[in-house]
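Colleague: Using only what follows, build the 3D model:
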Amino acid sequence: EVVDAASLLFDANADILPVEKDKSIVGTVDGMGIAKLGLRMPAIQKLKVSDLKLMNSPKIDATAQIANVIDSMHDLNIDLVPIFQGKNVAGVISYRDLLRGYLNWTPKRDVGRKFNKMASTRSAEVDMPHLASLPASDFMGAHDPVTIRSKDSIVNALELMSQNKVSGLIVMKDNQYAGI
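Modeller: Residues are numbered from 1 along each chain as shown. I've put the predicted structure just below:
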């Protein structure tokens with residue numbers, strides 16, 4: 001049943017599944033819950049991170065416009081993108097980070113009568129950056145990215161994810177980015 005639930009969650013691209021008993025929904029289960037149940041299976045306990053298919057997300061530079069990050073997340077249907085400074089992972093951006101950055105972004109606004117009167121002229125063009133043109137680094141989470149080595153166990157990976165309350169880990173192989 002655990003494998004069927006994991007497969008259904010993956011195939012449906014869902015975050016949670018309803019739990020049914022006697023034709024009534026009695027609760028929900030998420031991917032982390034299913035993964036923890038899967039850890040009880042002896043074959044799973046022997047797996048290493050390198051045994052999994054890693055998500056190979058695009059390598060986005062910290063200076064890239066946030067619009068590029070959003071486009072990549074949408075087009076590739078991913079919710080976590082590593083941000084690079086040179087060859088090093090500088091941080092990650094999740095959908096939660098995007099929402100937090102968007103909701104906290106407060107451009108300078110002049111709403112006075114004089115400004116509104118001048119707004120119809122070309123001389124009143126504002127010299128403020130558009131949200132989409134801000135650098136990706138402005139939206140990175142405040143925390144350091146949570147990393148794991150490719151040779152570590154799946155058990156360790158799930159413990160790290162659970163402890164840090166993250167949905168993905170940056171996988172490193174020989175001190176190089178290998179995927180998520």
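Colleague: Against A5, how distant is the residue sitting nearest the centre point of the chain?
Modeller: Central residue of the chain (C-alpha atoms, centre = their mean): L80, 2.2 Å from the mean position. Plainly put, L80 is 22 Å away from A5 if you go by C-beta to C-beta, to the nearest Å. Any C-beta I mention is one placed from the backbone N, CA and C, and that applies to glycine too.
Colleague: hang on, the earlier thing: distance-wise, check the residue nearest to the centre of the chain relative to K46.
Modeller: 26 Å.
Colleague: How many neighbouring residues does I170 have?
Modeller: 20 (other C-beta atoms under 10 Å).
Colleague: Please report phi then psi for it.
Modeller: phi -80, psi 120 (degrees, to the nearest 10).
Colleague: ends of stretch 158-176, how far apart?
Modeller: Chord length of stretch 158-176, first to last residue, is 21 Å (C-alpha to C-alpha, to the nearest Å).
Colleague: again with stretch 48-66
Modeller: 33 Å.
Colleague: in that stretch, what counts as buried?
Modeller: 49, 54, 57-58, 60, 62, 64-66 (16 or more other C-beta atoms under 10 Å).
Colleague: Do you know the pLDDT at F115?
Modeller: Model confidence at F115, expressed as pLDDT, equals 44.
Colleague: what's T147 in contact with, if anything?
Modeller: Contacts for T147 were tallied using C-beta atoms under 8 Å, 6 or more residues apart in numbering; they are 89, 169-172.
Colleague: which residues sit against stretch 1-10?
Modeller: Contacts for stretch 1-10 (C-beta under 8 Å, 6+ apart): 14, 17, 29, 31, 34-35, 37-38, 40-41.
Colleague: Could you say which of these is surrounded by the most neighbours?
Modeller: Busiest of the contacts of stretch 1-10 [other C-beta under 10 Å] is I34, holding 21 neighbours.
Colleague: re earlier: can you give me every residue that contacts the residue nearest to the centre of the chain?
Modeller: 57, 92-94, 166-168, 180.
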